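J.: build me a model from this:
(chains A, B, C and D)
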There are 2 protein chains.
Amino acid sequence: MTALVREPIETHRQDDDPRQRARGRPRDEVARKRILEAALELVEELGFAAITTDAIAERAGASKATIYRWWPNKAAVLIEALREAVAQETPFPDTGSLREDVRIQLRDFIKLLTGRRGRLFKALVAAAQNDLELAATFRAVWMAPRRAVAKAGLERHRGRELKKDADLDLIMDALYGPLYFRLLAGHRSLTEKLADELADTVLEGIRKR
Amino acid sequence: MTALVREPIETHRQDDDPRQRARGRPRDEVARKRILEAALELVEELGFAAITTDAIAERAGASKATIYRWWPNKAAVLIEALREAVAQETPFPDTGSLREDVRIQLRDFIKLLTGRRGRLFKALVAAAQNDLELAATFRAVWMAPRRAVAKAGLERHRGRELKKDADLDLIMDALYGPLYFRLLAGHRSLTEKLADELADTVLEGIRKR
DNA sequence: ATATTGCGAGACTGAAAAGTTTCGAAAATG
DNA sequence: CATTTTCGAAACTTTTCAGTCTCGCAATAT
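T.: Have a look, this model is predicted:
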């Protein structure tokens, strides 16, 4: 399961250079999309570990040979599928009010986690515990950009509603950590009420006085 | 991996009834301990998924036949190992001060997570995402009793340092969630400083005013 | 002593799944 | 049309591992 991701086989690249096209039949982009989509669906349904390349191929209506023609191994397919799936994020709101910004953001995030994507994240975080490469990808593709956006969103309020010396990393962990916690441990459900109360509790502790 | 845990085969029970002992050679309790210990070590080293019964047997200096003599399948061994490993908890302190109680508790917990046991928890939470039985065991054996103790510890302060209508489940998630989050996502490290700042932030939001 | 049960060692079976190869058809270029 | 490359289908190889079985020896009861 753990494996190096070799860069896509150079010999057959043929994307964005129409004047010098390769000889034979070109790569089927529709099939590529179908394979990634199938992989994604299967992760959401079964988790990372339970997926087989046969299942991906069957659902995509593709051949295993096609999969291994373009990806070096199964993990590479899943990682690319993840990368594309996670591309569209929920932006951090900007209402002018810190409390409102955070409430909206937490509610949106809960909506994400309780939907189709929630299963993806569970599967992903789980698999990342046994796969260093996957863990790195998860942090790079999901955590880092998302936290950067949230950090900038909070930064706007520093010195105003927020203490001047507030530790934004701590705050983000205090806000998002409990949501991931409930998602993964499953001891309580993720509700909008949680979002609001959590926002109020944490913000009360760090507001400017 | 997923399987019912049949109750230990009744026919060969022979624990606490010395006057009516079974006929043949008695079960080797030392071997039992070695098997559970080996399973635990392997979980901590490799994670739940990567373990083989052969590896457990080899490390324990036992025979696979012995393992399957007493446990119906691999998962049952791991679950029993977990159950015994988790038996000794860190009690919730009682210093009289809410702030101190929480600080100490969080520091202890971080110490637990950054030690040998941290790996066990990572592996466990990960595996639980794909195994309903394991998830249930984790909640029953670890989460539930631990949360009950913490809840009682907090309850002592209700109406005094704590708001009368404080939602203790929310508070516990706000306190522990960020720690599990960092453990599993690995974006930041678990430090004592985190424990203290987190305690202060959350408690400030819920203290009696 | 004899019967019974547990033990470790290791061979064995069967299933699952990763990755490879073969095949004939399809889609492109020259 | 000839050549090249991809495609889906499916057979195939190989590895890994769960779980079973057999053997000869050890430990206990009667």
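
J.: quick check: buried residues in stretch A:37-52?
T.: For stretch A:37-52, the buried set under the neighbour-count rule, 16 or more other C-beta atoms under 10 Å in any protein chain shown, comprises A:37-44, A:47-49, A:51. All C-beta atoms are positioned from the backbone trio N, CA, C, and that covers glycine.

J.: distance between it and the chain's centre?
T.: Centroid separation between stretch A:37-52 and its chain, computed with C-alpha atoms, centre = their mean, to the nearest Å, is 15 Å.

J.: and chain B, is that stretch touching that?
T.: Yes - counting by C-beta under 8 Å from any C-beta of the partner chain, chain B has neighbours in stretch A:37-52: A:47, A:49-50.

J.: pretty sure A:L175 contacts A:R103?
T.: No - counting by C-beta atoms under 8 Å, A:L175 does not reach A:R103; the two are 10.4 Å apart.

J.: so the two - more neighbours on which side?
T.: A direct count of neighbours by other C-beta atoms under 10 Å in any protein chain shown for A:L175 and A:R103 places A:L175 higher, at 24 against 20.

J.: burial check on A:R147, number of neighbours?
T.: A:R147 has 18 nearby residues by other C-beta under 10 Å.

J.: quick one: it from A:L175, how far?
T.: The gap separating A:R147 from A:L175 is 11 Å, by C-beta to C-beta, to the nearest Å.

J.: re earlier: of the residues of stretch A:37-52 next to chain B, which is the nearest to DNA strand C?
T.: Lowest distance from DNA strand C to the residues of stretch A:37-52 next to chain B (C-beta to the nearest atom of the strand) belongs to A:A50, with 6.4 Å.

J.: thought the closest one was touching B:N130?
T.: Yes - under the criterion of C-beta under 8 Å, A:A50 makes contact with B:N130 at 6.5 Å.

J.: listing request: residues of chain A with sub-threshold pLDDT.
T.: For chain A, residues meeting the criterion pLDDT under 70 lie at A:1-20, A:205-209.

J.: quick one: the helices in chain A?
T.: A:29-46, A:53-60, A:64-70, A:74-85, A:98-114, A:116-128, A:132-138, A:144-155, A:168-185, A:192-206 (DSSP state H).

J.: would you list those in TSV and tack on distance to DNA strand D?
T.: Below are the helices of chain A laid out as TSV (distance: least, C-beta to the nearest atom of the strand, whole Å):
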stretch	distance to DNA strand D
helix A:29-46	4
helix A:53-60	7
helix A:64-70	3
helix A:74-85	13
helix A:98-114	31
helix A:116-128	16
helix A:132-138	18
helix A:144-155	30
helix A:168-185	24
helix A:192-206	38
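
J.: right, and the ones you listed - which one's nearest B:H187?
T.: Closest approach to B:H187 among the helices of chain A (C-beta to C-beta): helix A:144-155, 7.3 Å.

J.: which of the residues in the closest one are buried?
T.: Applying 16+ other C-beta under 10 Å to helix A:144-155 flags A:146-147, A:150, A:153-154 as buried.

J.: same deal with stretch A:50-59?
T.: Buried residues in stretch A:50-59, counted by 16+ other C-beta under 10 Å: A:51, A:53, A:55-57, A:59.

J.: how about stretch A:25-36?
T.: For stretch A:25-36, burial by neighbour count (16+ other C-beta under 10 Å) applies to A:27, A:31-32, A:34-36.

J.: wait, which of those is closest to chain B?
T.: Within the buried residues of stretch A:25-36, the smallest distance to chain B is 21.6 Å, found for A:L36 (C-beta to the nearest C-beta).

J.: distance of that closest one relative to B:R182?
T.: 30 Å.

J.: just A:A140 next, same as before
T.: With the distance defined as C-beta to C-beta, A:A140 ends up 17 Å from B:R182.

J.: between the two, which has more neighbouring residues?
T.: The residue with more neighbours, out of A:A140 and B:R182, is B:R182; 21 against 11, by other C-beta under 10 Å.

J.: quick one, what contacts the more buried one?
T.: B:R182 makes contacts with A:173, A:177, B:188-190, B:194, as judged by C-beta atoms under 8 Å, 6 or more residues apart in numbering or on different chains.

J.: can you put the helices of chain A in JSON lines and add distance to B:D200?
T.: Formatted as JSON lines, these follow (distance: least, C-beta to C-beta, whole Å):
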{"stretch": "helix A:29-46", "distance to B:D200": "39"}
{"stretch": "helix A:53-60", "distance to B:D200": "48"}
{"stretch": "helix A:64-70", "distance to B:D200": "52"}
{"stretch": "helix A:74-85", "distance to B:D200": "36"}
{"stretch": "helix A:98-114", "distance to B:D200": "19"}
{"stretch": "helix A:116-128", "distance to B:D200": "28"}
{"stretch": "helix A:132-138", "distance to B:D200": "30"}
{"stretch": "helix A:144-155", "distance to B:D200": "18"}
{"stretch": "helix A:168-185", "distance to B:D200": "10"}
{"stretch": "helix A:192-206", "distance to B:D200": "7"}
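
J.: can I get the buried residues of stretch A:25-36 in TSV with distance to chain B?
T.: Formatted as TSV, these follow (distance: C-beta to the nearest C-beta, whole Å):
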residue	distance to chain B
A:R27	33
A:A31	29
A:R32	27
A:R34	25
A:I35	22
A:L36	22
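
J.: and of these, the nearest to A:R21?
T.: A:R27 (11.3 Å).
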